[in-house]
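Asks: return a 3D structure for these sequence lines:
(one chain, ligands or ions: 1)
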Amino acid sequence: MAYDTNNIFARILRGELPKIAVYEDDLTLAFMDIMPAVEGHTLVIPKEAAETILDLSPEGAAATIRTTQKVAAAVKKALGVPGIMLAQLNGTAAGQSVPHLHFHILPRAHGLEMNFHGRKMVDAKVLMPVAEKIRAAL
Ligand code: 5GP
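Replies: Residues are numbered from 1 along each chain as shown. Here you go, the predicted structure:
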């Protein structure tokens, strides 16, 4: 299927919708998930128009993994958790709801509950101080 240039993340990349960014470079962007599964839930996306991992160029894939690794380290440090889970869903059958490739970075700790992502909106006022801690840990 053709890439939908009006999907939410494409619009965030064009600056048409707000975001709470924690990291950006020429090829990638990392920002807070607005309906987090857990505190510190961060998303990493390529700037390239790619719906799934199968649509991404090797250069885009390398850049996205580089940013995911860098930001995951900062999320781990900022949230003070022992574990980090990465999730990346391809296609609606796999649970993908936004048709622009993204990696989920999810802080994990024993006994730390995780909601299903994308269900409950959290106020920007709550996300901003968490994003600030992650930026400081980069
Ligand atoms: P998926 O199910 O496609 O793997 O995950 C999409 C993610 O995008 C969900 O975790 C959802 O909370 C997040 N999301 C959806 N809309 C927005 C938005 O407008 N802004 C941000 N920052 N995250 C969003």
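Asks: what secondary structure does the residue positioned nearest the centre of the chain sit in?
Replies: Taking CA atoms, centre = their mean, the centroid of the chain lies closest to residue 43, which sits 0.5 Å from it. At residue 43, secondary structure determined by DSSP: H, G, I helix; E, B strand; the rest coil is strand.
Asks: quick one, what contacts it?
Replies: Going by CB atoms under 8 Å, 6 or more residues apart in numbering, residue 43 touches 30-33, 102-105. From N, CA and C alone the C-beta is placed, and that goes for glycine too.
Asks: in this protein, which helix has the most residues?
Replies: helix 58-79 (DSSP state H).
Asks: flag every buried residue along it.
Replies: Under the neighbour-count criterion of 16 or more other CB atoms under 10 Å, helix 58-79 has 60, 63-64, 67-68, 70-72, 74-76, 78-79 buried.
Asks: can you redo those residues as CSV with distance to the ligand and pLDDT?
Replies: Output for the buried residues of helix 58-79, formatted as CSV (distance: CB to the nearest ligand atom, whole Å; pLDDT from 0 to 100):
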residue, distance to the ligand, pLDDT
60, 17, 98
63, 19, 98
64, 14, 98
67, 16, 98
68, 14, 98
70, 19, 98
71, 14, 98
72, 16, 98
74, 17, 98
75, 15, 98
76, 19, 98
78, 17, 98
79, 17, 97
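Asks: helices of the protein, start to end?
Replies: Taking DSSP H as the test, the helices found in the chain are 8-13, 58-79, 124-137.
Asks: in the protein, where is pLDDT below threshold?
Replies: The chain contains residues with pLDDT under 70 at 1, 117-118.
Asks: name the residues of it found near the ligand, please.
Replies: Residues of the chain lying close to the ligand by CB under 6 Å from any ligand atom are 8, 17, 19, 31-35, 89, 95-98, 117-118.
Asks: just the buried subset of those residues, written out for ChimeraX, thanks.
Replies: Typed into ChimeraX, the line below selects the buried ones among the residues of the chain next to the ligand, using 16+ other CB under 10 Å:
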select :19,31,32,33,34,89,96,98,117,118
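Asks: the residues of the chain next to the ligand in strands, which ones?
Replies: Judged by DSSP state E, strands contain the following of the residues of the chain next to the ligand: 31-32.
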